[in-house]
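Colleague: Here is a sequence together with a model predicted from it:
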Amino acid sequence: MTLKIRFAFCLLLLCQIISAQNDSIMKLKEVVVSDNNLNKYSNSQSVLKLGDSIINKNEALLTDLLNFNSTLYFKEYGRGMLSTVSFRGTTSSQTAVIWNGININSQMNGSTDFNTISGSDYNSVSVKAGGGSVIYGSGAIGGTVHLNNDLDFYNRFENNLKLDYGSFNTIGVNYKTNISNKKWSAQIGFSNNSSTNDYKYVKKYTWKGEQRWNRNGEYNIFTMSANLGYKLNTKNTLKLYSQTSNTDRNTSLITETETPSKYINGFNRNLLEYDGNFGRFTANFKTAYIFENYQYYADNATNNYTYGKTESLITKADFGYTLFKSTQINGILDYNKTTGTGSGFGTNTREISSASLLVKQDISANWKNEFGVRKEFTDNYKSPILFSLGSSHQFGKLYNLKLNVSRNFRIPTFNDLYWETGGNRDLKPESSYQAEVGNVFTFSNITLTQTFYYIKIKDLLQWVPGKNGIWTPQNTDKVNSYGAETLLGWRKQFGKNIFAVNATYAHTISENIDTKKQLFFVPFDKATASVSYSRNKISTYYQFLHNGFVYTRADNDPDEIIKDYMISNIGADYDFKFLDSFKLGFQVLNLFNEAYESLENRPMPGRNFNMYLILKF
Amino acid sequence: MKFSKLFLIALSASIFVSCSSDDEDSNEPQGVYDNGVFILNEGSSDQGTVSFLSEDFSVFTKDVYTAANGDDLLGKYAQNIFFYGDNAYIIAGGSDVINVVNRYTFKLVDKISTGLKTPRYGVVKDGKAYVTNANTYSYINPATGNTDDYVAIINLKTNKYESKIDLNATANRLVEENGKLYITEPYDNTKLLVVNIATKKLETSIEIGSYADSIEEEDGVLYILRAPYGDRSEIVKVKLSNKSISKITFPETLDRAGYMDIEDNKIYYTSGSSVYVINTNATAASTTPIVTSPASNVYGFAVNDNRIYIADGVYTQDGAAYIYDLSGNLLKEVTSGVGTNGFYFND
């Protein structure tokens, strides 16, 4: 029991992954993490891990989870609609989303829509700030978001069911079962999140005085996952991760007279992984098949659509060797073949191979260094040599200093290269140099992480009007992005009363080097905070989000901005203690009924409500 | 993905301007926005806007629609304005709507939202508006995208859609003369469409060649500017009495000519950022510019009352409008909105 509580606390705290903590958990319960390198090679960077209990307190879709709990900034085309990210002042395709160690950003547009992902499909969602292209490849410039399914190898049979019902007919059904023993582990689940999403626009009326509301905003997101692990013996493990998802969304109207359209997209991901552990020598093989597709219906009423789909085959071999007790090296070979077909870009195939070398040196328990280098080989573009160099030094119990320097990149997408007409086959990848200094202070129950970073990005891909007015992508801009991130975690128990506070704050300058203007849709400031209090079976919490204003245009026209906004949520739940857990909860979202939008003329909902039931048995 | 799509739409929406200056000159101002020019800004990801510049340049308002109507949204891809009585009709093609405003106060009077599907340009005849509609595009609807365009007929007394005339082709700009509509479309149509308003029927089309866009009527002759890729631009003249065609072919230096307007028996046309002029009875093009503007993307053009108006259409930030006299002296430059594409004179 106490073990469980400790485990829960650890998740509750939006803490750094501190390896000491992890180790203790792993010894107690054997958990096979899906992405070894995330733990192994991130000592010199900051990783924010959001576990079950945090995921459960947020709305189902990933945008909300990350918006309220991390420094990531989101631009949403209305609630539940397309949602793109900006991390450390970078563009939406400069944050890589990693599913169990595999980069899943769209091959077509380079980014991930965070409203097509439901957080509860994963055991944890981790946000790693800073460059990661050496390990994760294209797009890991601002940072990476990791969706992890960890497999447990101990005897258990556990079912989790979460049911949500909220305003605008928002219904969530999330089910997960874990069946495992010392040899086998299975995690099977599905989630379905839907909403008629017909919320009223706060204080907005048509010219005739009628209340305006979100028309054509319906969405439905279905995801099914099955993850299996089998331990052949102590040395050999096989894992299979599989996930299928379909998002069917109408696209909400800006004005009442527009033609309603809809967008359907989906994916299918399969990953077969072998882990071999032979003392000093380790081997990890991955083969993944990833399929993504979309269909866009410009007019709901007709059956005409434009579409795009890609299929990727990814194979990876990762050999690890412990040179000395303190020094480990990993050599990784990677081959990736993607074929894309679409009404906008015909059929094209691209092949990319890469080789990388990672070295980790633990000089002592307090001083850890890491180094990585990667080179890609492809016919499509010239690829720079990527590297990463980091060090983490713990001074006493109080202070941990982290340093990291890296070179990262983002490759051109299928749209950039092949779009008809305008696609440009003569593009360079966007590339960046980045340096950061992290200070982690830990005293009693407080963890304070402050990171200062500087990113220099060149060859930024922009679609610009070319000859004859045809838009075409060019490697135009250079950007300097720099700023500071602060993460704060505090947890204290007084008898049966448990308090926890978590906060994040990011100050970001992201400046076009030539024009000296802030990139549009990058806020100078973003802050989040959450406070929770629990006692016995009752738990209450408050969440806060402040997004500073953003410019909507490259020239920083002061009249063309999205105003800053502050959103608060409160919630409470009670555990009736039937079964293992029987929690009934209630939330008020946007408590103060703030009228806000994150994109011009895309109002977000006012005060709304959600009820949830979480069963564990 | 989404962006590329927007670009494509922006691209297909990237056409021109027709000016209407037929109203009687009564110099008594009837409202804030009398005696001046409305500058239409298409918008891009955001809504279109309308700027106003008074004739004496003393008043400039960047966004008159919002100034008059507060929160109300004008719509996406503002394409064209036409006038009738005391009203101005602003066509927002991306939102399938025509905003009806008082032309002197710009206060919203009505919104026409039925019967429209990607509306483009409108003309008025006998209390009815005739508005071309691009309907679906072939990249979305390959089967009928290029044959489903139509003219919507709107009763301007009730501001209600009445009926439509199918065109079985693509349609964009139009003029009305003697009860007939003459319609051009540059990309997917090589013919001049002729519609008889009385019978609401399509008459025999006239082959004029591809990339035909700006169209003007003067003294029984249609003047059409066409500018094919990789071939010489030309002005096609169609004599309405016998449908006979004659041409003024431009030299190669004027390839990709942009816009044309006719004023006082002179044809003004643009190529690149320059403006040229010839007489309506000329047989050859002029290659001597009368104006060379700083506009990087001439996206709208008009000549009115001895002034030349040039729109610099910028898609990512505010564009500009340049106003010259006929000798090429810059009289005024204003910062307009995104995608500035046309001038409409409220005399």
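Modeller: Done, it's in. Residues are numbered from 1 along each chain as shown, chains lettered A, B, ... in the order given.
Colleague: all contacts plus neighbour counts: C-alpha atoms, from now on.
Modeller: Noted.
Colleague: What about the residue in chain A that chain B sits nearest to, how many residues nearby?
Modeller: Taking Cα to the nearest Cα as the measure, chain A has residue A:258 as its residue closest to chain B, at 4.3 Å. Neighbours of residue A:258 under the rule other Cα atoms under 10 Å in any protein chain shown: 22.
Colleague: Helix or strand: which one has it?
Modeller: Using DSSP states H and E, residue A:258 maps to neither a helix nor a strand.
Colleague: contacting residues around it?
Modeller: Neighbour list for residue A:258: B:94, B:95, B:96, B:97 [criterion: Cα atoms under 8 Å, 6 or more residues apart in numbering or on different chains].
Colleague: List the contacts of the closest residue to residue A:186 other than its chain neighbours.
Modeller: Leaving aside its sequence neighbours, residue A:186 sits nearest to residue A:228 (Cα to Cα, 6 or more residues apart in numbering or on different chains; 4.5 Å). If a contact means Cα under 8 Å, 6+ apart, then residue A:228 has A:151, A:184, A:185, A:186, A:187, A:239, A:240, A:241 as its contacts.
Colleague: buried ones in the longest strand seen in chain A?
Modeller: Secondary structure assigned by DSSP state E gives strand A:471-494 as the longest strand of chain A. Residues A:471-475, A:477-491 are the ones in strand A:471-494 that count as buried (16 or more other Cα atoms under 10 Å in any protein chain shown).
Colleague: Next one: that strand, is it in contact with chain B?
Modeller: Yes. Strand A:471-494 lies within reach of chain B by Cα under 8 Å from any Cα of the partner chain, at residue A:471.
Colleague: Can you pull the residues of the stretch 101-250 of chain A lying near chain B?
Modeller: Close to chain B, as judged by Cα under 8 Å from any Cα, the stretch 101-250 of chain A has residues A:108, A:109, A:204, A:206, A:207.
Colleague: can we see that at 7 Å?
Modeller: By the rule Cα under 7 Å from any Cα of the partner chain, the part of the stretch 101-250 of chain A lying against chain B is A:108, A:109, A:206, A:207.
Colleague: count of neighbours near the spatially closest residue to the third one that is not a sequence neighbour?
Modeller: The shortest distance from residue A:206 to any non-neighbouring residue, by Cα to Cα, 6+ apart, is to residue A:212 (6.1 Å). By other Cα under 10 Å, 18 other residues sit near residue A:212.
Colleague: In a helix, residue A:212, correct?
Modeller: No. Assessed by DSSP: H, G, I helix; E, B strand; the rest coil, residue A:212 does not belong to a helix; its assignment is strand.
Colleague: low-scoring pLDDT stretches of the stretch 51-200 of chain B, where are they?
Modeller: Within the stretch 51-200 of chain B, no range satisfies pLDDT under 70.
Colleague: ranges for the helices of chain B?
Modeller: B:2-12, B:64-69 (DSSP state H).
Colleague: What of the stretch 401-550 of chain A?
Modeller: Taking DSSP state H, counting those that start in this stretch to define them, one finds helices in the stretch 401-550 of chain A at A:414-418.
Colleague: what does chain A have sitting close to chain B?
Modeller: So chain A meets chain B at A:108-109, A:206-207, A:255, A:257-258, A:304-306, A:415, A:469-471, A:553, A:555 (Cα under 7 Å from any Cα).
Colleague: Going through the residues you listed, which ones are buried?
Modeller: Buried subset of the residues of chain A next to chain B (neighbour count, 16+ other Cα under 10 Å): A:108-109, A:207, A:255, A:257-258, A:304-306, A:415, A:470-471, A:553, A:555.
Colleague: Go through these and say which is closest to residue A:94.
Modeller: Lowest distance from residue A:94 to these (Cα to Cα) belongs to residue A:109, with 11.2 Å.
Colleague: isn't that closest one right up against residue A:411?
Modeller: No. Applying Cα atoms under 7 Å, one finds residue A:109 not in contact with residue A:411, separated by 10.5 Å.
Colleague: Helix, strand or coil: sort out the closest residue to residue A:316 other than its chain neighbours for me.
Modeller: Excluding the flanking residues, the one nearest residue A:316 by Cα to Cα, 6+ apart is residue A:334, at 4.4 Å. At residue A:334, secondary structure determined by three-state DSSP is strand.
Colleague: Model confidence at residue A:334, what's the number?
Modeller: Predicted confidence (pLDDT) for residue A:334: 94.
Colleague: which residues sit in contact with residue 278?
Modeller: As the question left the chain open, I've gone with chain A. residue A:235 (Cα atoms under 7 Å, 6 or more residues apart in numbering or on different chains).
Colleague: ah, no, chain B please
Modeller: For residue B:278, counting by Cα under 7 Å, 6+ apart, the contacting residues are B:266, B:267, B:268, B:285, B:286.
Colleague: and the last one, how many neighbours?
Modeller: In terms of burial, residue B:286 registers 18 neighbours under the definition other Cα under 10 Å.
Colleague: now the helices: where do they sit in chain A?
Modeller: Using DSSP H, the helices of chain A run over A:2-12, A:19-28, A:36-40, A:52-56, A:62-69, A:133-136, A:414-418.
Colleague: what's the least confident stretch among those?
Modeller: helix A:19-28 (a mean of 36).
Colleague: what bridges to residue B:133?
Modeller: Counting by DSSP bridges, residue B:133 is bridged to residue B:119, residue B:150.
Colleague: burial of the closest residue to residue B:222 other than its chain neighbours, as a residue count?
Modeller: The shortest distance from residue B:222 to any non-neighbouring residue, by Cα to Cα, 6+ apart, is to residue B:238 (5.0 Å). A total of 21 residues lie near residue B:238 under the criterion other Cα under 10 Å.
Colleague: And residue B:66, by the same measure?
Modeller: By other Cα under 10 Å, neighbour count at residue B:66 equals 16.
Colleague: Check the one 5 residues further on too.
Modeller: Here the number of neighbours of residue B:71 (other Cα under 10 Å) works out to 14.
Colleague: Please tell me I have it right and the residue nearest to residue A:316 contacts residue A:354.
Modeller: Yes. Using Cα under 7 Å, residue A:334 is in contact with residue A:354, at 5.1 Å.
Colleague: these two touch, right, residue B:339 and residue B:313?
Modeller: Yes. Residue B:339 is within contact range of residue B:313, at 4.3 Å (criterion: Cα under 7 Å).
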